Every structure is written in C-alpha cells, then in structure tokens.
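K.L.:
take a look and give me a structure for this.
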Amino acid sequence: MRTLHLRRAARTSALSSAALLAALALTACQGGGQTAADASTSASTAPSAQPAADAEAPAEQDAQASGSDATADSVSSSGGDSGSAAGKSRPGATEVQPAAREKNESDSGPVTLACDGGNTEVTFRTVTRPVNHGLLTVTNTGSKACNAYGYPAVRFGEAQSVPPVYEESKPQAVVTLAPGESAYAGVTTSAADGSGTGGYSTKSLSVYFQGRDLSGSTGPEARVPLATKVYVDSKLTVTYWQSDLDNALMY
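P.N.:
The predicted model follows:
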C-alpha cells in the first residue's frame, strides 16, 4: 500500500510539473505574441512616419532652394549694381581726364620759357644821354622763344640788395623774344646831382631774371663783363624790360 501511495504521489508531482511547464510555455507564447504585436504595430506605423519625414524633407529642401535662389538673386542684383557702378565710373573718369587736359591746354596756351642766363646773352654799356645811365641788352641765344618777365635784378660788385624799379616803365605786355631777338632795360647808376650815398666803383655785374609769377629769380644768373669800372650809389634804379631801346632810356 505504501508503495502504491508513493507511486501516486510521484505521478501527481509529475503532473504538477507538466502543468507548470505548460503554464510557463503559454505565458511565454503570450509574451512573444505581445512582442510580435508590438513589432507589428511599430512596423505598421513606421511607413506612415517615414512618408511624413519625407514630406517634410522636400519642404525643407524647397525652402532651402528658395532661400538659395533668393540669396543668389540678391547677390546677382548686388553684383549687377556694383558692376554697373564700376562700368559707369571708368568711362566717366576717362571722359573727364581728356576734358581737363583740353581745358588746361586751351587756357594756358603754348608754354614759353622764361629768359634766364642759360638761354640768353646779356651786355651792359654806359650811355652819354641821359647822364649817369647805362643800358642792359638781353638777346635770346636759344632755339625757342623766351619771355623777359618783369625787370632785371642787377648786382654790381658785392651789393646786398636789389635796386628798385621805375614802376611807370612797366610795359603793357610781357616782352617775348624769338631766337635772336633782344630786349632792353635802362639803368640809372648814380644821382646826377651827387645826392646819392654809399657810392663805389666796380667791374663786376650779375643779372638775375624773374619768373612768370615775379616772386623771385629763375634759372641761372648772367655774368656780365664790364669794359671799365662803373660807379654806383644809393640812387641805382632800373626799368622793366622793354622791346624798344628808346623806351628803356626814357627814365
């Protein structure tokens, strides 16, 4: 009897174990079914999510393309304006420069050199009338015309100052010397009545020439040889350059 009881207990235990195993298998199958269902749900929703993402991507691409087009249009427009401005500035400058040159050429006319010690020869001689007078003669020795501007700045000996000029001797126009032509200036060397002071005698004479603006000397001076000594005092005065010898000796 006891043996039979043990066999029944063993059979019952085996049945319980089998039932437990079956329950576990069923639970596993159910868990696997839920997982499959979840996977199926994810698989079913994935295609719908992907088109949405794909739909957004073209929209973004269109926006980017539109932005690129707008930027390109903006750059193209800006570049066009800059190119247009540059295109306008260059021809404008090209047009202005010749006009300026033409104006300068027409206003100033042909440029004439100033007479100076490098393109002339200067001589001095004393005259009998008027008394105590001398005559300067400047001759153009160059190949081009020169202008005898203003009056000669003479320096007898070691004089430290330029003698004054007779303002009333100023000509109406600048004296222009063609090659070989001469101009003249009268020189009062000393006072005829003896009223001059600081007199001295010398055989040295330098003549300086004025430029167009008459503000000072221009070019090299002319060293003038003197045959005899010349007496000068504080009354030393010169005239403007004259085209006529008689006009130079009027003062």
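K.L.:
so V175 is in contact with W241, correct?
P.N.:
Yes. Counting by C-beta atoms under 8 Å, V175 does reach W241; the two are 4.9 Å apart. No exception for glycine: its C-beta is placed from N, CA and C like everyone else's.
K.L.:
mutual contacts of those two, please.
P.N.:
The overlap between the contact sets of V175 and W241 (C-beta atoms under 8 Å, 6 or more residues apart in numbering) consists of 148, 183.
K.L.:
number of residues surrounding E168?
P.N.:
E168 has 9 neighbours, counted by other C-beta atoms under 10 Å.
K.L.:
contacting residues for it?
P.N.:
Taking C-beta under 8 Å, 6+ apart as the criterion, E168 is in contact with Y251.
K.L.:
for it, helix, strand, or coil?
P.N.:
What DSSP: H, G, I helix; E, B strand; the rest coil gives for E168 is helix.
K.L.:
state the pLDDT value of it.
P.N.:
You'll see E168 listed with a pLDDT of 97.
K.L.:
residues in contact with stretch 115-126?
P.N.:
Taking C-beta under 8 Å, 6+ apart as the criterion, the residues outside stretch 115-126 that touch it are 113, 133-142, 144, 146-149, 152, 177, 183, 187, 189, 205, 207, 209, 218-224, 226-228, 230.
K.L.:
so of those residues, which ones are in strands?
P.N.:
Counting by DSSP state E, the part of the contacts of stretch 115-126 found in strands is 113, 133-140, 146-149, 152, 177, 183, 187, 205, 207, 209, 218-224, 226-228, 230.
K.L.:
what about A222, distance to Y208?
P.N.:
8 Å (C-beta to C-beta, to the nearest Å).
K.L.:
give me the more crowded residue out of the two.
P.N.:
Taking other C-beta under 10 Å, A222 and Y208 do not tie; A222 has more neighbours (22 against 18).
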